[in-house]
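> For reference, the sequence and a predicted model appear below.
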Amino acid sequence: MRLTERSRPWWTLAGACAGLFLLMLDSTVVTLALPAIQRDLDATEIGLQWVLNAYLLVITVLVVTAGRLGDMFGRRRLFLRGLAVFAAGSVLSAIAWSQGAMIAGRVVQGAGGAALLPLSIALVAAAFPRDQQARAYGIWAAVSAIALGIGPLAGGLLIDLEWRLIFWINLPIAALGVGIVSWAARESRDEEATHRIDVPGLIALTGGLTATVLALVEANSWGWGSARTIGVFAAGVVLLAAFWITEHRVRQPIIEFALFRNGPYFGATAAAFAIVFAYWTLMFFQPQYLQNQLDYSATAAGLLILPITVPMIFVSPFSGALIARFGSRALMTVGMLAALGGLLLLTRIDAGSGYGTLLPGYLLFGIALGLVYAPISAAAMAAMPGEKAGIASGVLSMNRILAGAVGLAVTGAIFHSLREDHSFTFSLANSIWVLVGVAAAGVVLTWAFVRSAPAPRPSEHHLHHRRFHL
């Protein structure tokens, strides 16, 4: 097929969306495969948690740096390398012979995914003229929502055949993305970007987050009051404190903490943290509950969990009109209240509960995702100076991934502590109270700090070139 200047941007969008679709699909299908992975690899419950946590931690610490490397050395080049690394991690995960090999594969996937997240939309921003960007971003966001929405069902179908297929299926999608982007996308970079990476900050952040999460995840087996738990947790806190100090002294920090003095930005960040904190924890535990406790197949579990993911597909197209009519503040607060209500309902499960007990909670939380997620970027940027837009959107994106890792670590620690003396169902129902508390704080902070802003005009969309979904 002949490539023309008119078709080039749309082919670039297709290639970028292939990488995005791959990443979003993987975010949901792996959670459904956890029971099968546990049986086949004789993995522990803690090991299963690391299958997700290792992946999220690597993306968290690398995502902003990957975006900056793309600005410096070429977004197309880094995107293609990210796809190759993600595919390599998929192969390692697909052939995993042990729990450790699976976790290693997920670490490699996370390293590739850290480049795909910010650079997929950066490629689109560079390919389209300003007057066409709004339409292109809408398609990009729709692909993300569709992948998240259909992921559980697609994953369930593959898992019932063979769970390793969920990783092998990544290879043709990655190859398609590499082929299209190599053929159609032009290289772009930020010519004003300095060739500096905050290496001390990156080391401190990586070590601090890893040590803190490690202590929380392993505390139950090590002993909450053991020297190992206290020592590792203390080391994590010290490294995170060193990161905070470092970020105040470097010219190009990974996180610019002064951003959080901006009220609307702080409120939107808090809402994003709360909703994603709950999302990843639900998507980790609920498929296991459906399969291991209610005896549903992976395909059935994928179908039954769709009320959490599918509402975003239907709500997202109307987000701009909803923001214009009701404002970001009201829309997000209603959404956070819906999330809170859904989570409260999920604390009611007991030994006699069936899917009917879960469905109202799933639906409320799914609607909340649709109402909260779309307005987050508009609310965060409502009072943000234009020159801070790049770092602000990057940090907002990083916050969303960090929320998943922290949510799994904290809630998992409570769950495993309860699990020693109680059933899976009791431990799950009571650990969800952690999510209820975080969601309640999210409601208060959203209402107190978020300020309504009109839906972004097409000419403003370039400010959000590093925005991405879950």
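Ah, there it is. Quick caveat: nothing in here was measured; it's all calculated off a predicted structure.
> From now on I want contacts and neighbour counts done on CA atoms only, so please keep to that.
Noted.
> Find the nearest non-adjacent residue to Gln252, please.
Excluding the flanking residues, the one nearest Gln252 by CA to CA, 6 or more residues apart in numbering is Asp198, at 6.7 Å.
> ditto for Thr246
Nearest one to Thr246, counting by CA to CA, 6+ apart, is Gly201 at 6.0 Å.
> for the one you found, what are its contacts?
Gly201 is in contact with 243, 246-247, 253-254, counting by CA atoms under 8 Å, 6 or more residues apart in numbering.
> Among these, which one sits closest to Gly236?
Phe243 (10.4 Å; CA to CA).
> State the distance from the closest one to Ala409.
20 Å (CA to CA, to the nearest Å).
> With Ala127 instead?
Relative to Ala409, and taking CA to CA, Ala127 is found at 39 Å.
> Give me the buried stretch members for the longest helix along the chain, please.
The residue-count maximum for a helix in the chain (DSSP state H) belongs to helix 8-41. Within helix 8-41, the residues that qualify as buried are 8-38, counting by 16 or more other CA atoms under 10 Å.
> right, and the residue nearest to Gln252 touches Arg249 too?
No - counting by CA atoms under 8 Å, Asp198 does not reach Arg249; the two are 10.3 Å apart.
> So for those two, which residue has more residues nearby?
Asp198 (15 against 9; other CA atoms under 10 Å).
> Could you measure from the more buried one over to Asp26?
Distance from Asp198 to Asp26, by CA to CA: 29 Å.
> And for Leu240?
29 Å.
> what do you get for Ile391?
Distance, Ile391 to Asp26, by CA to CA: 26 Å.
> Please apply the same query to Ala413.
24 Å.
> State the helix or strand in which Ser288 lies.
For residue 288 the amino acid is Gln, not Ser. helix 263-288 (DSSP states H and E).
> Now do stretch 217-237: distance from first to last residue.
End-to-end distance (CA to CA), stretch 217-237: 15 Å.
> Sort out which residues of it are buried, please.
Buried-residue list, stretch 217-237, by 16+ other CA under 10 Å: 217-220, 224, 229-230, 232-237.
> So for it, mean pLDDT?
Mean pLDDT, taken over the full extent of stretch 217-237, equals 91.
> contacts for that stretch?
Outside stretch 217-237, the residues that reach it (CA under 8 Å, 6+ apart) are 46, 49, 207-212, 214-216, 409-410, 412-413, 416-417.
> same deal with stretch 31-49?
Everything outside stretch 31-49 that qualifies as a contact, by CA under 8 Å, 6+ apart, is 52, 97-99, 152, 155-156, 159, 163, 217-218, 283-284, 287-288, 291-292, 298, 301-302, 408-409, 412.
> Likewise for stretch 341-357?
294, 358, 360-365, 425-426, 428-430, 432-433, 435-436.
> can you check stretch 296-307 too?
32-33, 149-160, 286-287, 290-291, 359, 362-363, 366.
> rerun that using 6 Å as the cut-off
Residues from elsewhere that reach stretch 296-307, judged by CA atoms under 6 Å, 6 or more residues apart in numbering: 152-153, 156-157, 160, 290-291, 362-363, 366.
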